[in-house]
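Engineer: below is the sequence, then the predicted model.
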Amino acid sequence: MSETRVAAVVLAAGKGTRMKSDLPKVLHPVAGRPMIRHVLAMLDDVAPDRTVVVVAPGMDSVVSAVAPARVAVQQDQQGTAHAVLAARSAFEGFSGDVVIVNGDTPLLTAEIVETMLRARRGRQPPAVVALGFRPRDPAEYGRLRIGEDGGLDAIVEYRDASPEEKAGTLCNAGVMVVDGGVLFGLLDTVGTRNAKGEYYLTDIVAIARSRGLRCAVVETPDATEAMGVDSRAGLARAEEVMQDRLRRRAMEAGVTLTAPETVWLAADTEIGRDVTIGPNVVIGPGTRISDGAAIRAFSHIEGADLGPGTVVGPFARLRPGTRLRRGARVGNFVEVKAAVLGENVRVGHLSYVGDAEIGDGANIGAGTITCNYDGISKHFTRIGAGAFIGSNSALVAPVTVGDDAIVGAGSVVTSEVGRGAISIARGRQRNLDGQADAFRRRRKAESDTGDG
Ligand code: UD1
Ligand code: MG
């Protein structure tokens, strides 16, 4: 690619009315990541010299979600052209290519934007390159009007389109690459004489044509990448497409997905080679799974780091801050939160391990609970390497069990267990030999006389 400089503007100030949400539209997550972060990640690959995100006043959550990207504030939401104008001061003296992207198109790939940038190279490049796509349902997307020379003549918004234009199937994806030398001059001419009474960015095409400038369309062969999310149904559809992509990518990288369509991944999930993921596994943001790990069916994992050869599930829940070192195993109906499990640790069944550190090789019996919360604050449990915690024990934090110690089943451990010690912290067993029959006779007599 030649040396022309590239800058990007991402439009995110819209109200997102159709989402019917208190959350700004571009923060709605797809694969666990706000839509706008998908757009910015895509732009990272395009590597513009500068990126400006246009937000509305008070959209502090968007500003922090896009940091460290530069932000411009569009005072009131008068349309997409008006939004780009809000970023004007960031483009003083810039005459390279400006990529303008809607913040609600999370599926776009850098490849297609690079194809658009290439269309602006060459000897007589078009002033404006728009991205076209042919969705299965063109719905209310703007329609591209192609001229006799095959160039782009205009973009007509759905509400302003004639019936013939509405019948067109080539739609506007909401991405443009514009010659930075003419962009703001074009925008200054955009008016509001249209169905919505807004300044439409899409109008710059007809304006450029009226000035004798050429405009062009790059059509993406993959219509799904161009979809804009304007509703909850659109959000669900984007999720579906993104999941399909993430699953494919995982399989291509050497991951076995037994039933791919039932596995949910996050955009930032890192998975090594020869990992096996069973059916109905949900992986939320912030998870890394190392080589050779196995996640069995119906597990829910979020913010966890799984070492090589670890085994999780079936029916396990790993919450943020879980770290399993090499070979550790977490079995069915076990929940782990903010805890480090050392190498080859086993927590096989029905346990809760939270705010804890467990040394290498320790064995945590069925039903063990780290009682980390006293109703006011959280406390830490430390279990030494090689320790054995008997079934159905409650470890009342803050508490430490030393290396190689043994805790008897059913114990309620409230104070430190030293290294190598055996702790039995439960009621002592008392057997009354032969007393069962006598007990029953006594109870029967009592009930016959109506007592008790
Ligand atoms: C827009 C296009 C339409 C295209 C579609 C593709 C226009 C006029 N229409 O319609 O041709 O088919 O995207 O998905 O551009 N925004 C602002 N400030 C505003 C208004 C909007 O920043 O004043 C932002 C929104 O946050 C959003 C983006 O611009 O990220 C697009 O706005 P949206 O309302 O979603 O436009 P569409 O109706 O989808
Ligand atoms: Mg939209």
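Structural biologist: Nice, I can see it. Ligands and ions are numbered 1, 2, ... in the order given.

Engineer: give the burial count for the residue in the stretch 51-200 of the chain that ligand 1 sits nearest to, as a bare number.
Structural biologist: Here the residue of the stretch 51-200 of the chain nearest ligand 1 is Gly142; by CB to the nearest ligand atom that distance is 2.4 Å. Using the backbone N, CA and C atoms, a C-beta is placed for each residue, glycine as well. Look at Gly142: counted by other CB atoms under 10 Å, it has 25 neighbours.

Engineer: let me know the helix or strand that the residue nearest to it when sequence neighbours are not counted is in.
Structural biologist: In space, and not counting its chain neighbours, Gly142 is closest to Asn172: 3.7 Å by CB to CB, 6 or more residues apart in numbering. Following DSSP states H and E, one finds Asn172 within strand 171-179.

Engineer: and the helices in the stretch 51-200 of the chain?
Structural biologist: 60-66, 80-85, 110-119, 163-166, 183-187 (DSSP state H, counting those that start in this stretch).

Engineer: now do the stretch 351-452 of the chain
Structural biologist: 435-448.

Engineer: okay, stretch 16-24 in CSV with CA atoms only?
Structural biologist: Output of stretch 16-24 as CSV, limited to C-alpha atoms (Å, rounded to 0.1, in the frame of the first residue of the first chain):
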residue,chain,number,x,y,z
GLY,A,16,-29.8,4.4,19.6
THR,A,17,-33.5,4.9,20.1
ARG,A,18,-34.4,1.6,18.5
MET,A,19,-32.4,-0.3,21.1
LYS,A,20,-34.8,0.9,23.8
SER,A,21,-32.0,0.9,26.3
ASP,A,22,-30.3,3.1,28.9
LEU,A,23,-27.0,1.8,27.7
PRO,A,24,-25.5,3.8,24.8
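
Engineer: that stretch and ligand 2 in contact?
Structural biologist: No: judged by CB under 5 Å from the ion, stretch 16-24 stays clear of ligand 2, getting no closer than 8.4 Å.

Engineer: so which bits of the chain are right by ligand 2?
Structural biologist: Counting by CB under 5 Å from the ion, the chain comes close to ligand 2 at Asp104, Gly228, Asp230.

Engineer: pull the number of nearby residues for the closest residue to the last one other than its chain neighbours.
Structural biologist: Setting aside the residues directly before and after it, Asp230 is nearest to Arg18 in space (CB to CB, 6+ apart), at 4.7 Å. Other residues near Arg18 number 15, with proximity taken as other CB under 10 Å.

Engineer: what do you get for Thr287?
Structural biologist: 23.

Engineer: got it, and Gln124?
Structural biologist: 5.

Engineer: burial check on the nearest residue to it once chain neighbours are set aside, number of neighbours?
Structural biologist: The spatial neighbour of Gln124 that comes closest, neighbours along the chain excluded (CB to CB, 6+ apart), is Arg214 at 7.1 Å. Using other CB under 10 Å, the number of residues around Arg214 comes to 16.

Engineer: dump the residue contacts of Arg214.
Structural biologist: Residues near Arg214 by CB atoms under 8 Å, 6 or more residues apart in numbering: Gln124, Pro125, Pro126, Ala127, Gly151, Ala208.

Engineer: hmm, back to that, I'd say the residue nearest to Asp230 and Gly228 touch.
Structural biologist: No: look at Arg18 against Gly228 with CB atoms under 8 Å: they stay out of range, at 10.7 Å.

Engineer: about what we covered before: and the residue of the stretch 51-200 of the chain closest to ligand 1, what pLDDT?
Structural biologist: On the pLDDT scale, Gly142 is placed at 98.

Engineer: quick check on it: phi, psi?
Structural biologist: Dihedral angles of Gly142 (phi, psi; degrees, to the nearest 10) stand at phi -70, psi 150.

Engineer: thought it was touching Thr202?
Structural biologist: Yes: under the criterion of CB under 8 Å, Gly142 makes contact with Thr202 at 5.2 Å.

Engineer: overlap in contacts, these two.
Structural biologist: Ile155, Val156, Glu157, Asn172.

Engineer: closest to ligand 2 among those?
Structural biologist: When these are compared for distance to ligand 2 (CB to the ion), Asn172 wins out at 10.2 Å.

Engineer: what's the neighbour count on that closest one?
Structural biologist: Using other CB under 10 Å, Asn172 has 26 other residues around it.

Engineer: past the lengthiest helix in the chain, which element shows up next along the chain?
Structural biologist: The longest helix of the chain (DSSP state H) is helix 232-252. Going down the chain from helix 232-252, the next helix or strand is strand 255-257, by DSSP H and E.

Engineer: report the separation between Leu108 and ligand 2.
Structural biologist: 13 Å (CB to the ion, to the nearest Å).

Engineer: again, but for Leu131
Structural biologist: Taking CB to the ion, one finds Leu131 at 13 Å from ligand 2.

Engineer: show me the contacts for that residue.
Structural biologist: Ile112, Met116, Asn172, Ala173, Gly174, Val175, Met176, Val217, Val218, Glu219, Thr220, Ala226.
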